[in-house]
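Engineer: Could you look at this predicted model? Sequence included:
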Amino acid sequence: QVQLVESGGGLVQPGGSLRLSCAASGSIFIIGAMGWYRQAPGKQRELVAAITHAGSPNYADSLKGRFTISRDNAKNTVYLQMNSLEPEDTAVYYCNAAVRESAYRPYVDYWGQGTQVTVSS
């Protein structure tokens, strides 16, 4: 089994910054793509950003320039640096990772439990 544990959420004022972290642990052979999704109250979960094992990022068009995704493969960790935060960024942020538990198994999607980000004055 694989566990994803997010940290770094909290309350921040508009214009502020937060850095989310997500560490994967457990039976890991290799991690492929990792990503961050968010879900605001009453809305569907949406992709924020994703990054390949090689480090190529992909962002939701509306967030380009404010958010930066990165990863440390040695630590099985993905990060999301969020700058110039707006009240509309308030949501639960979820980490996602595609993990192979051995060379003979396919990639399986895992999710973290979510971390709350609230942007408010």
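Structural biologist: Arrived safely, thanks for sending. None of these values were measured; they are calculated from a predicted model.
Engineer: starting at the chain centroid, how far to stretch 76-93?
Structural biologist: 8 Å (C-alpha atoms, centre = their mean, to the nearest Å).
Engineer: Same check on stretch 110-118?
Structural biologist: Counting by C-alpha atoms, centre = their mean, stretch 110-118 comes out at 8 Å from the chain centroid.
Engineer: ends of it, how far apart?
Structural biologist: For stretch 110-118, the first-to-last residue distance is 24 Å (C-alpha to C-alpha, to the nearest Å).
Engineer: Stretch 1-17 too?
Structural biologist: Start-to-end, stretch 1-17 (C-alpha to C-alpha) is 33 Å.
Engineer: Please name the nearest non-neighbouring residue to residue 1.
Structural biologist: Nearest non-adjacent residue to residue 1, counting by C-beta to C-beta, 6 or more residues apart in numbering: residue 26, 5.2 Å away. C-beta: built from backbone N, CA, C; applies to glycine.
Engineer: helix/strand/coil for the residue of the chain most remote from its centre?
Structural biologist: Here the chain reaches farthest from its C-alpha mean at residue 104, the gap being 26.6 Å by C-alpha atoms, centre = their mean. In three-state terms, and counting by DSSP: H, G, I helix; E, B strand; the rest coil, residue 104 is coil.
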